[in-house]
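J.: next input, structure requested:
(one chain, ligands or ions: 1)
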Amino acid sequence: MKLVIEYFGQTHDGDEVQGYLIENSSGLAVRLINYGAIVQSVKFPGKNGDQEEISLGFDRLEDYLHEHPYFGATIGRYGNRIARGEFALEGEAYKLAVNNGPNHLHGGLRGFDKVLWGSEESSTGEAASVRFNYSSPDGEEGYPGRLDTWVTFSLDEGNRFIIEYEARSSASTPVNLTNHTYWNLSGAGTGDILGHELTLVSESYLPVDQDLIPTGKMADVEGGPMDFRSPATVGGRIGEVEGGYDHCYVLGEQPSKEPRPAAILRDPLSGRCMRVSTTEPGLQLYTGNFLDGIKGSGGKVFERHGALCLEAQHFPDSPNRAEFPSTILSPGDTYRQVTVHEFSLP
Ligand code: BGC
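T.: I've put the predicted structure just below:
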C-alpha cells in the first residue's frame with residue numbers, strides 16, 4: 001500500500017491544505033484532502049489496463065473554495081434537505097441556515113464540506129487509511145450541541161474503498177452524514193452515465209414535492225422507471241422521471257449493524273464495476289441533473305448526467321418526519337456509519 005502526503009494549497013485564511021494519496025497494488029488510487037474531507041480523485045484501471053479518473057473533482061484547491069456541486073465532499077451535519085430549515089426537538093424550535101430555495105441543504109451555508117479537518121494517517125501492508133476529525137461548535141449553522149465527528153477513509157488490497165463515520169454530541173441534534181462523490185466509471189469528463197447499468201437493492205423510494213422534499217409516503221418501485229431491482233441502464237427510463245433521478249431509495253426500515261448490499265454500478269464500456277454496501281437505511285440516487293458544463297480536473301467539462309452519486313444516508317427531512325428512522329443523536333450515544341465501495345473488472 002502506498003500512502004503519500006503532499007501539499008495541496010492554502011485556504012483564504014492562510015491554512016495549509018494537504019492531499020493524501022492512497023494506492024494499492026492493483027492500481028486503485030484515492031486522493032483525499034483535509035479541506036471538506038473531500039475525495040478529490042479516484043482512479044481505477046479499466047479492461048484495457050488504463051488507470052483512469054472515475055470521480056469528478058478539481059485539480060486546484062481554489063476551485064473547492066468557491067461554490068461547487070459538492071464534488072467528493074463529506075456532507076454534514078445533515079445530508080440532503082430539511083424543509084424550510086426548521087425542526088423541533090425536545091420542545092425547542094430550531095432555525096437552520098437556508099441555502100437551497102426555502103430549504104436547508106447538505107448542512108447549510110458552511111457545511112462540513114467547507115471546513116478544515118484534522119487528520120491522522122495509518123498504513124499496514126494490506127490497508128491504509130486517513131482519519132479526519134472535525135468538532136462542530138454548538139449552534140453552528142443553527143444546530144444544537146457541539147458535534148465531534150470522525151470520518152475514516154480506507155483502501156485495501158481487496159479493492160475496497162471504505163468510509164467509516166463516527167460522531168458524538170454534547171446535546172441532542174440531528175446527524176446525517178454522507179459522501180457526495182460523483183461517479184463516471186467510463187472516465188470523468190468522457191461523456192454521460194446514461195449507459196451505465198445500475199442495480200439497487202430496494203423495493204421502495206421516497207416521492208418528493210417540487211422542492212425535492214419527501215412527501216412522507218414510501219412508493220413501491222414495482223414496474224416503473226424507479227425500479228432497479230434487476231440491472232437496468234440509468235438512461236433507459238430517465239425521461240419518465242421529471243428532472244432526472246434525485247430520490248432516496250429505501251434500503252431498510254432502520255440502519256443495520258453491518259453493511260448490507262445496496263447498489264451495483266457497472267460500465268459496459270470499460271468493464272469497471274462498483275458495489276456499494278452500507279449500514280444506512282437510505283441511498284440517494286442523484287444523476288447529476290444540475291451539472292451544467294462546469295470545468296474540472298484536467299480541464300474536463302462535466303455536463304448534465306456526466307456522473308451520478310450514490311449517497312448512503314438517512315432519509316431527507318427526517319427531523320420533521322416522525323415516521324422515518326430517527327436521525328437524532330443523543331449525548332452519550334455514538335453515531336456510526338460504514339459504507340463500502342468495492343471495485344472490480346469483469
Ligand atoms: C441532491 C440534489 C442536489 C445535489 C447538489 C444531491 O445530493 O439530492 O438535489 O442538487 O446534491 O449537488
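J.: show me where the stretch 151-300 of the chain has strands.
T.: 160-169, 173-174, 178-179, 182-183, 197-200, 204-205, 219-220, 232-233, 246-250, 260-266, 273-278, 282-286, 294-295 (DSSP state E, counting those that start in this stretch).
J.: so which of those strands comes closest to Asp211?
T.: Checking the strands of the stretch 151-300 of the chain against Asp211 by C-beta to C-beta gives strand 246-250 as the closest, at 11.3 Å. Just so you know, the C-beta spots here come from the backbone N, C-alpha and C atoms, and that holds for glycine as well.
J.: is that closest one anywhere near the ligand?
T.: Yes - contact of strand 246-250 with the ligand (C-beta under 6 Å from any ligand atom) involves Asp246.
J.: what's the distance between the closest residue to Gly244 other than its chain neighbours and the ligand?
T.: In this structure, Gly244 finds its nearest non-sequential neighbour in Asn289, 3.7 Å apart by C-beta to C-beta, 6 or more residues apart in numbering. From Asn289 across to the ligand, the span is 7 Å (C-beta to the nearest ligand atom, to the nearest Å).
J.: next, give phi and psi for Asn289.
T.: phi -70, psi -30 (degrees, to the nearest 10).
J.: isn't it up against Asp246?
T.: Yes - if you go by C-beta atoms under 8 Å, Asn289 and Asp246 touch, sitting 5.9 Å apart.
J.: what about the strands in the stretch 1-150 of the chain?
T.: 2-10, 16-23, 29-33, 38-45, 51-53, 74-75, 81-82, 86-89, 92-95, 104-105, 118-123, 127-136, 147-156.
J.: residues touching the third one, excluding its own?
T.: Taking C-beta atoms under 8 Å, 6 or more residues apart in numbering as the criterion, the residues outside strand 29-33 that touch it are 8, 17-23, 38-44, 51, 61, 64, 130, 132, 153, 155, 161.
J.: are any of these buried, and which?
T.: Neighbour-count burial (16 or more other C-beta atoms under 10 Å) is assigned, among the contacts of strand 29-33, to 8, 17-23, 38-44, 61, 64, 130, 132, 153, 155, 161.
J.: leaving out the residues flanking it, which one is nearest to Glu42?
T.: Rather than Glu, residue 42 is Val. Closest residue in space to Val42, ignoring its immediate chain neighbours: Ser55 at 4.1 Å, by C-beta to C-beta, 6+ apart.
J.: how near is the one you found to the ligand?
T.: As defined by C-beta to the nearest ligand atom, Ser55 lies at a distance of 14 Å from the ligand.
J.: does that residue touch Ile38 like I think?
T.: No - the pair Ser55 / Ile38 is not scored as a contact, 10.3 Å apart, by C-beta under 8 Å.
J.: overlap of the contact sets of these two?
T.: Joint contacts of Ser55 and Ile38 (C-beta under 8 Å, 6+ apart) are 71-72.
J.: residues in contact with the residue of the stretch 1-150 of the chain at minimum distance from the ligand?
T.: As assessed by C-beta to the nearest ligand atom, the ligand sits closest to Pro69 within the stretch 1-150 of the chain, at 4.0 Å. By C-beta under 8 Å, 6+ apart, the residues touching Pro69 are 56, 182, 288, 290-291, 294.
J.: show me which of those residues are buried.
T.: Applying 16+ other C-beta under 10 Å to the contacts of Pro69 flags 56, 182, 288, 291, 294 as buried.
J.: ok, the last one - contacts?
T.: With contact taken as C-beta under 8 Å, 6+ apart, Ile294 is in contact with 68-69, 301-302.
J.: Val250 too?
T.: The contact partners of Val250, by C-beta under 8 Å, 6+ apart, come to 202-206, 218, 281-282, 315.
J.: need the pLDDT of the spatially most central residue of the chain.
T.: Nearest to the mean C-alpha position of the chain, by C-alpha atoms, centre = their mean, lies Asn179 at 2.2 Å. On pLDDT, Asn179 comes in at 99.
J.: surely it meets Gly76?
T.: No - here Asn179 does not reach Gly76: they are 10.2 Å apart, not a contact under C-beta under 8 Å.
J.: which part of the stretch 101-250 of the chain gets nearest to the ligand, residue-wise?
T.: In the stretch 101-250 of the chain, the residue found nearest to the ligand is Asp246; the distance is 4.6 Å by C-beta to the nearest ligand atom.
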